[in-house]
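S.K.: got a sequence here, can you model it:
(one chain, ligands or ions: 1)
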Amino acid sequence: MAVVEKLDPESRAALGREVPQWRMADGRDAISRTFKFADFNEAWGFMARVAMLAEKQDHHPEWTNVWNKVEITLSTHDAGGLSERDVALAKAIDSLLK
Ligand SMILES: C[C@H](O)[C@H](O)[C@H]1CNC2=NC(N)=NC(=O)C2=N1
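M.R.: The predicted structure is shown next:
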């Protein structure tokens with residue numbers, strides 16, 4: 001397994017521009033975003049697509065789903081915090097909505 005580095009300060013400072021829809025997760029070195037859909041069917045379809053992205057990137061979300069709401073938190077367990085992998089997955093997830 002390649003060593004995964006935590007985000008460097010410049011990349012951290014750029015998060016607001018790179019992934020503007022994501023916020024820092026409370027008390028964690030992680031980013032979170034909440035998605036709301038019309039109903040469970042839409043939410044589940046979104047989760048299925050995120051799951052495929054996660055498998056493709058070998059980078060997996062921490063997530064909860066309540067009916068039409070999906071909350072996703074991204075952090076890199078192998079790095080003990082945020083890494084470029086989290087930014088990449090967040091961008092890929094956002095692109096599912098376009
Ligand atoms: C063996 C496997 O490649 C690693 O465990 C991957 C899987 N998915 C992962 N997902 C996340 N979020 N962090 C990781 O460190 C991670 N590591």
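S.K.: and the next helix or strand past the helix or strand containing G45?
M.R.: Per DSSP states H and E, G45 falls inside helix 40-57. Using DSSP H and E, the helix or strand that follows helix 40-57 in sequence is strand 62-66.
S.K.: any part of that next one near the ligand?
M.R.: No: Strand 62-66 does not reach the ligand (C-beta under 6 Å from any ligand atom); its nearest approach is 7.3 Å. In this view, the C-beta of every residue, glycine as well, is placed from N, C-alpha and C.
S.K.: tell me the pLDDT at the nearest residue to Q21 once chain neighbours are set aside?
M.R.: Of all residues not flanking Q21 in the chain, R33 sits nearest, at 5.7 Å (C-beta to C-beta, 6 or more residues apart in numbering). R33 is assigned 98 on the pLDDT scale.
S.K.: contacts for the helix or strand where R33 lies?
M.R.: Using DSSP H and E, R33 maps to strand 31-36. Outside strand 31-36, the residues that touch it by C-beta atoms under 8 Å, 6 or more residues apart in numbering are 15, 19, 21-25, 43, 46, 68-75, 82, 86, 90, 93, 97.
S.K.: picking that back up, and the helix holding G45, what's buried?
M.R.: For helix 40-57, burial by neighbour count (16 or more other C-beta atoms under 10 Å) applies to A43, F46, M47, V50, L53, A54.
S.K.: please name the residues that touch the second one.
M.R.: Contact criterion C-beta under 8 Å, 6+ apart gives F35, F37, V70, L96 as the residues in contact with F46.
S.K.: just give me the neighbour total for the spatially closest residue to A38 that is not a sequence neighbour.
M.R.: Of all residues not flanking A38 in the chain, N68 sits nearest, at 6.4 Å (C-beta to C-beta, 6+ apart). If you count neighbours by other C-beta atoms under 10 Å, N68 ends up with 16.
S.K.: so what's N68 scoring on pLDDT?
M.R.: At N68, the pLDDT value in this model is 98.
S.K.: for it, give me phi and psi.
M.R.: phi -100, psi 10 (degrees, to the nearest 10).
S.K.: roughly how far apart are it and D39?
M.R.: 5 Å (C-beta to C-beta, to the nearest Å).
S.K.: where in the chain is pLDDT low?
M.R.: Where the chain drops to pLDDT under 70, the residues are 1-2.
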